[in-house]
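Engineer: quick one: sequence plus predicted model below, questions after.
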Amino acid sequence: MTTAWVYAELAGGVLDGSAAELLTTARTLADEVAAIALGPGATAAAADLGAAGAATVYASDDEVFASHSGGPQAFVLGGLIEEHRPSIVLFPGSYEGRDVAGRVQARTGSTLMANAIAVPAIDRARTEIFGGMTVVDVQLQGPEPHLVLVRPRSVTAEPTGGTATIVAVPAEIPEADLGARLVERHEEAATGPKLEEARVIVSGGRGLGGPDAFAMLDALASAIGGAAVGASRAAVDAGWVPYSYQIGQTGKTVKPDVYIAAGISGALQHVVGMKGAKRIVAINKDPEAPILKMADLGVVGDVFEVIPALTEEIRRRSGS
Amino acid sequence: MVLFVRRARPRLDVLRTARPDGRTDEPGVRARREVVQVLGQRKLFQKAVPGVMHATIFWGFLILLPTIAEAMLAVIDPAWTLPYLGHAAWFAFLQDAFAALVAIAVGVAFWIRKVQRPDRFRGSHMREADLILLTILGIVTSLLLWNASRIALGSADHPSAAPVANALSGLFSGGRGTEVAERILVWTHLLLVLGFLTYLPRSKHLHILTAAPNVYLAKNAPSGYLTPLRIDLDAADADVRFGAAVATDLTRKQVLDLYSCTECGRCQEVCPAWATGKPLSPKLLIMGLRDQVVAETSAIVAATPSGTVELQPLVPNAVTDEVVWDCVTCGACVRECPVDIEHVDTIVDLRRNLVMAESRFPPEAGAMLRGVETAEDPWGQPASARTDWARGLDDVHVLEPGDPPPEVLFWVGCAGAFDERAQATTRSIARLLIAAGVEVAILGPRERCTGDPARRMGHEYLFQILAEQNVETLNGAGVTKIVASCAHCFNTLANEYPDYGGDYEVVHHTELLSTLIREGRLAPGAGADGTVTYHDACYLGRHNGRFDAPREVLHGAGAATVEMPRNRERSFCCGAGGARMWMEEGGDARINETRFAEAAATGADTVAVACPYCFVMLDDAAKASGSSVRVADVATLLAASVLPEPAT
């Protein structure tokens, strides 16, 4: 009897969506499907894992998994593999999945296949080469279990509505296997919606002259409501805002309903990232700026006068 | 001797099993390079003091070679020596003079390393170098003293022909003690020489054996040329190589490169990435690869062609991903290297594996590859917009299928067609050609990206597709001569398309314009105000030797010019080559801003460029610095002088 396992990732105590996708794949490969969930929230996630097709869930709610990077997971999973000898273990191609899979591979000495987009058979993984131009199947050789990292959202999850037996696993990790301890978790503060999803984007460029002027764009974005703030490469290169703001060839590609470009000249590098906007409003003091040629509404003027006035007017009309 | 062979054997075995690269054509060219560069030490003289130091030791080494045989005979019997040379006064003189000069040169080498301490040695093995230099010093000192003792014993044929040894002979009494000293000295000399020989194969000093073949096997084509990696997906060959993944993927020349590096750091000193605080140093890259090849020697030799032996991937073990992606492919390292190591080709081979086999590259560059793949230009613009720049220029002829072949085809390039700054250059070139009575014929929407950015990024397959398609279009249109405005297009069309069946006479726009000025077909009017400094594009200048044409055009335009400290062959990159144009830059400083600061420091009012990449990079740097120095293409400056109304 073949057994397929799925490494179910928990992010902040919540089950990641990749687990249901991997379980859907696992069901096509083996008669017996189990999931491994490690960290706070694992036992609680077992119901969801059962509904997604896992017959067994090896779970531990121990805090040690959340406070370390990969080491404890690899130790416990390595032990379970030793004990139960599954044929294949699927991991999500996430930061944590890659971290744990690599460590497990080092422990078990089995084959690890990264960046798979599908697993057509128990000894076969599908991947893209030539930057995605060609799809190939890779034969998995070497001792079992084969470890496969599957790219997220490669398959659609199909729940079975079943239930899973929970097997509690102990979390006694030797000091040497703990690895790096998580000291602090820091997420880059992002105000407002994601750039790629925002319906309105207010974006600033070199013409803003410095980081302080971005507060002006924040005010406009909040007056509009639900608008995101972006930037051109020049503003990012100057260090005024972080790279996550960057729109353009080497940054994000956005397609909002309205794109307000403030102090952006409209270099090709930037334009290719925002030309998909339905309406483009450009404010620039240089009447020759290329952005004005492509804008639906072009304002030749000083951003430091136009933006506050616009913000004020929007606030007045919306009565806030 | 036996020890030497034993220790050298693994090195030879690795070379023998490495992939052949057929670098033996045009033996005449190769032999000439050998004479100029090895015997003549040409590239070493790029640095005056180290150059003279090295040449002295090298020539000394050649002249003292027969001395080894002489010493071997003398240890057997003091009366034995070489048939003719052993008795020749002129040889005694040369031997004496060069032994002394080598000793002085070793002193200079120590002075450079210990007193001057240039940054290029950072990361090199300094202790090993000290040991090597001390051994050389020991070899020549023992030789001089041995000769001195023989003079004291009266057994030298021409004491006066060897002034240094003669002067030193005063140290010896000439009695029984001197006879013993003579025996000790000749043995010391020979043992040092043989010890050195044994030490060589495992040391960075191996270059004294590998440099000459490495120079012989160097690329004859312009340095901008990359060797194709033919990819035939239908062939389904198990031995298809997608660039260099592990040590056995390296070619013979690439391995010899590694054995030839003596860690002098001249490449490191000129590398734009290293100069701006990035982890890439061409020297450290070669050393990293060498260390891995040396460590894996037995596995490499044992590996069968199907490669079943486990070898570690070169990236990130020998060099990190970041190092591989930091390279701008400017070729400054290759140009500087005295033993012709080809760092750039190896880096591209590493990229080929990362991109094609592993899809592993800086994510922000993905948009460029997608653009080239789907829209056939790096920015993903519609092909129909390729002629937008020509609006209002009625004399620009867009070639339709079936049109008669043009006298010369104007290859606009993607930047020249789509980037609004480069469009100004394109318009200037077109207007100048029209004014000179040259028909301006373009392919318009049928022109595609040459594939250069994809190729430099390592995506050889995508490049191959574009090259084949473009060659088909060009050949179908009967094109024989091309003028290109982008230095990268120029390099690809001129040097790389012949591999895909495209043989054209390719000139850069600055070459065509300088010819038209010389023929009197363009008559410059008033000179531009202020001074101009010209920035050499890597793919026009260093990679292809086009230094004079852009300067002639500026001169023709009546501009007062001033040179930057780093110019011509030793120009400093703008930071855009090697597909870096489409990647984000790390490190302490930006390459484009570093170069712009150098240009601005000349006091020039205008920085003239001849490539759209340089234009965008330096113009961005000018804007970021808030400087009033303007950046413009050579053609735009000429147009301002030649044409009645200002270029738009």
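Structural biologist: Nice, I can see it.
Engineer: contact residues of the stretch 501-648 of chain B facing chain A?
Structural biologist: Residues of the stretch 501-648 of chain B lying near chain A by C-beta under 8 Å from any C-beta of the partner chain: B:Trp582, B:Met583, B:Glu584, B:Arg590, B:Val616, B:Asp620, B:Lys623, B:Ala624. The way it works is simple: take the backbone N, C-alpha and C, and place the C-beta from them, glycine included.
Engineer: the fifth one: which element?
Structural biologist: Counting by DSSP states H and E, the element that carries B:Val616 is helix B:612-625.
Engineer: separation between the residue nearest to B:Ala31 when sequence neighbours are not counted and chain A?
Structural biologist: Excluding its sequence neighbours, the residue lying closest to B:Ala31 (C-beta to C-beta, 6 or more residues apart in numbering or on different chains) is B:Tyr216, at 7.8 Å. Applying C-beta to the nearest C-beta, to the nearest Å, the value for B:Tyr216 to chain A is 35 Å.
Engineer: low-scoring stretches of chain B, by residue?
Structural biologist: When residues are selected by pLDDT under 70, those of chain B lie in B:234-240, B:304-309, B:527-528, B:644-648.
Engineer: enumerate the residues of it near chain A.
Structural biologist: Taking C-beta under 8 Å from any C-beta, the part of chain B that reaches chain A is made up of B:233, B:242, B:355-359, B:361, B:364-369, B:371, B:373, B:378-381, B:418-421, B:459, B:461-462, B:582-584, B:590, B:616, B:620, B:623-624.
Engineer: mind checking which of the residues you listed are buried?
Structural biologist: Among those, those scoring as buried are B:242, B:355-359, B:361, B:364-365, B:367-369, B:371, B:373, B:378-381, B:418-421, B:459, B:461-462, B:582-584, B:590, B:616, B:620, B:624 (criterion: 16 or more other C-beta atoms under 10 Å in any protein chain shown).
Engineer: how about the residues of the stretch 201-320 of chain A by chain B?
Structural biologist: When proximity is defined by C-beta under 8 Å from any C-beta, the stretch 201-320 of chain A lies next to chain B at A:206, A:234, A:237-238, A:243, A:249-251, A:253, A:266-269, A:272, A:290.
Engineer: filter those down to just the ones in strands.
Structural biologist: Here DSSP state E is the test, and those give no hits in strands at all.
Engineer: between the residues you listed, which is closest to B:Leu15?
Structural biologist: The shortest distance between B:Leu15 and any of these, using C-beta to C-beta, involves A:Thr250 and amounts to 40.7 Å.
Engineer: excluding sequence neighbours, find me the nearest residue to the closest one.
Structural biologist: The spatially closest residue to A:Thr250, leaving aside those adjacent along the chain, is B:Glu364, at 3.9 Å (C-beta to C-beta, 6+ apart).
Engineer: likewise B:Met356?
Structural biologist: If you skip the residues right next to it in sequence, B:Met356 has B:Phe242 as its closest partner in space, 4.3 Å away by C-beta to C-beta, 6+ apart.
Engineer: and the contacts of stretch A:213-222?
Structural biologist: The contact list for stretch A:213-222, computed with C-beta atoms under 8 Å, 6 or more residues apart in numbering or on different chains, reads A:191-192, A:200, A:202-204, A:208, A:227-229, A:231, A:235, A:240-241, A:260, A:262-263, A:303-304, A:307-308, A:310-311, A:314.
Engineer: list buried residues within these.
Structural biologist: If you count burial by 16+ other C-beta under 10 Å, the buried members of these come out as A:192, A:200, A:202-204, A:208, A:227-229, A:231, A:235, A:240-241, A:260, A:262-263, A:303-304, A:307, A:310-311, A:314.
Engineer: so is whichever residue of chain B sits closest to chain A in a helix, a strand, or just coil?
Structural biologist: Distances from chain B to chain A, computed as C-beta to the nearest C-beta, single out B:Glu364 as the nearest residue at 3.9 Å. Three-state assignment for B:Glu364 (DSSP: H, G, I helix; E, B strand; the rest coil): helix.
Engineer: if I pick it, what's in contact with it?
Structural biologist: The contact partners of B:Glu364, by C-beta under 8 Å, 6+ apart, come to A:Gln249, A:Thr250, A:Gly251, B:Trp582, B:Met583, B:Glu584.
Engineer: can you pull the contacts of the residue in the stretch 201-320 of chain A that chain B sits nearest to?
Structural biologist: The shortest separation between the stretch 201-320 of chain A and chain B is 3.9 Å, found at A:Thr250 (distances taken as C-beta to the nearest C-beta). Taking C-beta under 8 Å, 6+ apart as the criterion, A:Thr250 is in contact with A:Arg233, A:Gln269, B:Glu364, B:Ala365, B:Ala367, B:Trp582, B:Met583, B:Glu584.
Engineer: the same query, at a cut-off of 7 Å, please.
Structural biologist: For A:Thr250, the residues meeting the contact criterion (C-beta atoms under 7 Å, 6 or more residues apart in numbering or on different chains) are A:Arg233, B:Glu364, B:Ala367, B:Trp582, B:Met583, B:Glu584.
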